[in-house]
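Student: only geometry, no sequence info:
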């Protein structure tokens, strides 16, 4: 919404950051899975990304608690949807990188739910 004669500032989506116990492990997993290089790194935070594109960050949280999806005792806070050309080959590749496949799969013929090394659920779905 514009106010008077002033124009809205340019705002761009820059990154999403996940809390985790080990940023390096998460950066390795997602960096290999998505082909993203490290754009910034410290002991407690790593940002993956390419110049001019949105990034993916990982922040060390000392008292991090893994999501227990689908058990609601420790809900997921967010998850990523990844589009793939071939569901089975992408699933196998991500499992080899360190993902875990939980037994609950809401619609396995359309998408698969996997867990990253910190336990965050993420989905892979076939691109149409």
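Tutor: Noted; the coordinates are in hand. None of the values given here were measured: they were computed from a predicted structure.
Student: could you list the low-pLDDT ranges of the protein?
Tutor: Applying pLDDT under 70 to the chain flags residues 1-5, 9, 11, 128.
Student: let's see it at 50
Tutor: Scanning the chain for pLDDT under 50 picks out the ranges 2.
Student: tell me where it has helices.
Tutor: Taking DSSP state H as the test, the helices found in the chain are 23-34, 87-97.
Student: turn those helices into JSON lines, including mean neighbour count and distance to residue 45.
Tutor: Placement of C-beta: from N, CA and C, glycine included. Output for the helices of the chain, formatted as JSON lines (neighbours: other C-beta atoms under 10 Å; distance: least, C-beta to C-beta, whole Å):
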{"stretch": "helix 23-34", "mean neighbour count": "19", "distance to residue 45": "6"}
{"stretch": "helix 87-97", "mean neighbour count": "15", "distance to residue 45": "21"}
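Student: quick one: residues contacting the nearest residue to residue 60 once chain neighbours are set aside.
Tutor: Using C-beta to C-beta, 6 or more residues apart in numbering and skipping residues adjacent in sequence, the residue nearest residue 60 is residue 44, 4.1 Å away. Residue 44 makes contact with 23, 59, 60 under the criterion C-beta atoms under 8 Å, 6 or more residues apart in numbering.
Student: give the bridge partners for the last one, please.
Tutor: Partner residues in beta bridges with residue 60: residue 20, with DSSP bridges as the criterion.
Student: which residues touch it?
Tutor: Going by C-beta under 8 Å, 6+ apart, residue 60 touches 19, 20, 21, 22, 23, 43, 44, 45.
Student: where's it relative to residue 41, distance?
Tutor: When distance is defined by C-beta to C-beta, to the nearest Å, residue 60 is 12 Å away from residue 41.
Student: any idea which residue is closest to the centre of this protein?
Tutor: residue 80 (4.7 Å; C-alpha atoms, centre = their mean).
Student: isn't that one right up against residue 124?
Tutor: No: here residue 80 lies out of contact with residue 124, judged by C-beta atoms under 8 Å, at a distance of 9.5 Å.
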